[in-house]
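**Q** sequence below, structure please.
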Amino acid sequence: VRDEWLSLGNRVNDANPLAARAPLRTRRAWLLGRKTGHAALLLSFAVGAQSFEAAVPAGAEMDAELVFYPGAAPIRALVKHRFGASFGPSPFGFGSIEVNLAAYGEAIAANPWLPQHPMRLDAVSPTRWRNAWHVCDTTGDALPVSPRFVEIWKLVALSGGLPLALFGEWDGETLYPISVWADGRTVVL
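**A** Numbering: from 1, shown residues only. Okay, the predicted model is just below:
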């Protein structure tokens, strides 16, 4: 699939306590196609001190052709060919919590073992409710923020009490924020 792909953000997991001598790390890089609206997950692995290949920074766009792994709900992909790169001025393809949960419902119906799903939220604000953090949209819908997310005060500061566009991973119970668009720039959390 050739498209102009917006890099939504990257998340690296170092958790592999069973392999202390050569820990396996994973990086999930999320992309969104400008024309197709299709989300893509570029999954990379590194062992020990091995580094990951260069990632497209959050907020950047690249003209590329991706090949998707087969599946009921194909989302994991590889970059077949890059044609160029440029920086995108603003996010696109973001929507309400309701729209994102409907997309998640379709994805989980196609693949019940989906570990996480991309959430592209427009106009959400971090809010403290019942001793837990949530992101709320302008309709009053809310999603709980993952307790593993440690940059909550950075998110609150970037918001300044105003709604902002946010990208994160939804695991069916909580949202893990990865990046936001604030003051015309992309900020990785």
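**Q** was I right about A64 contacting D3?
**A** Yes - A64 lies in contact with D3 (CB atoms under 8 Å); the separation is 7.5 Å. Just so you know, the C-beta spots here come from the backbone N, C-alpha and C atoms, and that holds for glycine as well.
**Q** leaving out the residues flanking it, which one is nearest to L155?
**A** Using CB to CB, 6 or more residues apart in numbering and skipping the chain neighbours, the partner closest in space to L155 is P126 (5.1 Å).
**Q** tell me which element that neighbour falls in.
**A** In this assignment (DSSP states H and E), P126 forms part of strand 117-129.
**Q** whatever helix or strand comes next after that strand versus strand 117-129: what angle between them?
**A** Sequence-wise, the next helix or strand downstream of strand 117-129 (DSSP H and E) is strand 132-137. Here the directions of strand 132-137 and strand 117-129 differ by 110 degrees (axes from the mean of the first three to the mean of the last three CA atoms, to 10 degrees).
**Q** packing partners for strand 132-137?
**A** strand 117-129, strand 142-144 (3 or more CB pairs under 8 Å, 6 or more residues apart in numbering; DSSP states H and E).
**Q** which helices and strands sit right next to the longest one?
**A** It refers to strand 117-129. strand 24-33, strand 39-47, helix 97-110, strand 132-137, strand 142-144, helix 152-159, strand 164-170.
**Q** and it, how far out from the chain's middle?
**A** 12 Å (CA atoms, centre = their mean, to the nearest Å).
**Q** how about the shortest one?
**A** Put simply, strand 142-144 sits 16 Å off its chain's centre (CA atoms, centre = their mean).
**Q** go through it and flag the buried ones.
**A** Neighbour counts over strand 142-144 (16 or more other CB atoms under 10 Å) mark A142, L143 as buried.
**Q** equivalent analysis for the longest one, please.
**A** Of all the residues in strand 117-129, those buried under the rule 16+ other CB under 10 Å are H117, P118, M119, R120, L121, D122, A123, V124, S125, P126.
**Q** please apply the same query to stretch 25-41.
**A** Buried, per 16+ other CB under 10 Å, within stretch 25-41: R25, R27, R28, A29, W30, L31, L32, G33, H38, A39, A40, L41.
**Q** span of stretch 30-42 from start to end?
**A** Across its full length, stretch 30-42 reaches 6 Å between end residues, using CA to CA, to the nearest Å.
**Q** quick one: distance of that stretch to the chain centre.
**A** 10 Å.
**Q** can you put the buried residues of stretch 25-41 in TSV and add distance to N10?
**A** Below are the buried residues of stretch 25-41 laid out as TSV (distance: CB to CB, whole Å):
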residue	distance to N10
R25	12
R27	6
R28	7
A29	5
W30	7
L31	10
L32	13
G33	17
H38	18
A39	14
A40	13
L41	11
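**Q** and those residues, which is closest to A165?
**A** Compare each of the buried residues of stretch 25-41 with A165 using CB to CB and the shortest gap goes to L32, at 11.8 Å.
**Q** what sits against that closest one?
**A** W5, L6, L8, H38, A39, A40, F92, G93, P118, R120 (CB atoms under 8 Å, 6 or more residues apart in numbering).
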